[in-house]
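Chemist: Requesting a structural model of the entry that follows:
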Amino acid sequence: MKSEHARIFCFDENHEDLKSMVYLLKSSGYHVLGAQTVSLALDIVGKEDVLDLALVNLVDPTEVKPVGLDGPDAETAFAGIHIAKNLRSKFGKVPLLFIMAEENLDLLNQVKALGNCEIIMHPNEPSFLLYTVKNGLDGGYLLSSM
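Modeler: So this is what the prediction gives:
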């Protein structure tokens with residue numbers, strides 16, 4: 001997939017981080033859909049027909065209670081993983097780029113199970129984020145087998 005005009009989905013619960021990410025990607029020519037809550041993210045995923053790549057911040061429920069999750073997942077699910085599973089279900093092997101603030105073995109294992117993904121530690125340099133996005137869109141190496 002050529003990276004020009006790609007449709008990229010972004011999820012981050014932090015408004016300023018999401019705003020910066022969306023601005024950076026839009027100013028680089030990408031069509032960007034952003035969401036700050038799980039419910040909005042799931043709504044966007046449900047309505048879209050095509051996504052070329054997703055950037056998902058991994059949210060630990062001890063830091064933020066995910067909005068839009070019901071049942072037993074409401075207290076224990078990692079919001080980013082929940083969104084990523086929905087993306088994987090609808091869009092198959094769409095490249096997933098995860099943003100993590102710190103290493104978490106449980107999250108790493110869940111990410112590994114999804115395949116065709118990459119992990120970016122936060123904070124990161126804008127140029128590195130753009131490089132990783134372009135690489136994922138152009139079929140570059142992602143940690144599909146970790």
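Chemist: you'd agree K93 is in a helix?
Modeler: No - the assignment for K93, made by DSSP: H, G, I helix; E, B strand; the rest coil, is coil rather than a helix.
Chemist: and the nearest residue in space to it that is not next to it in sequence, how many neighbours?
Modeler: Sequence neighbours aside, N116 is the residue nearest to K93 in space, at 4.7 Å (criterion: C-beta to C-beta, 6 or more residues apart in numbering). The way it works is simple: take the backbone N, C-alpha and C, and place the C-beta from them, glycine included. Residues within reach of N116, counting by other C-beta atoms under 10 Å, total 15.
Chemist: Likewise for H5?
Modeler: When neighbours are defined as other C-beta under 10 Å, H5 has 9 of them.
Chemist: which of the residues in the helix or strand harbouring L129 are buried?
Modeler: Here L129 sits within helix 126-137, counting by DSSP states H and E. In terms of neighbour count (16 or more other C-beta atoms under 10 Å), helix 126-137 has its buried residues at 129-130, 132-137.
Chemist: Not counting sequence-adjacent ones, nearest residue to L25?
Modeler: Nearest non-adjacent residue to L25, counting by C-beta to C-beta, 6+ apart: V32, 4.7 Å away.
Chemist: In three-state terms, label the one you found for me.
Modeler: strand.
Chemist: Of all residues in the chain, which one is nearest the centre?
Modeler: When C-alpha atoms, centre = their mean is applied to the chain, the residue found nearest the centroid is V56 (1.8 Å).
Chemist: wait, it sits on A84?
Modeler: Yes - contact criterion C-beta atoms under 8 Å: V56 and A84 qualify, at 5.3 Å.
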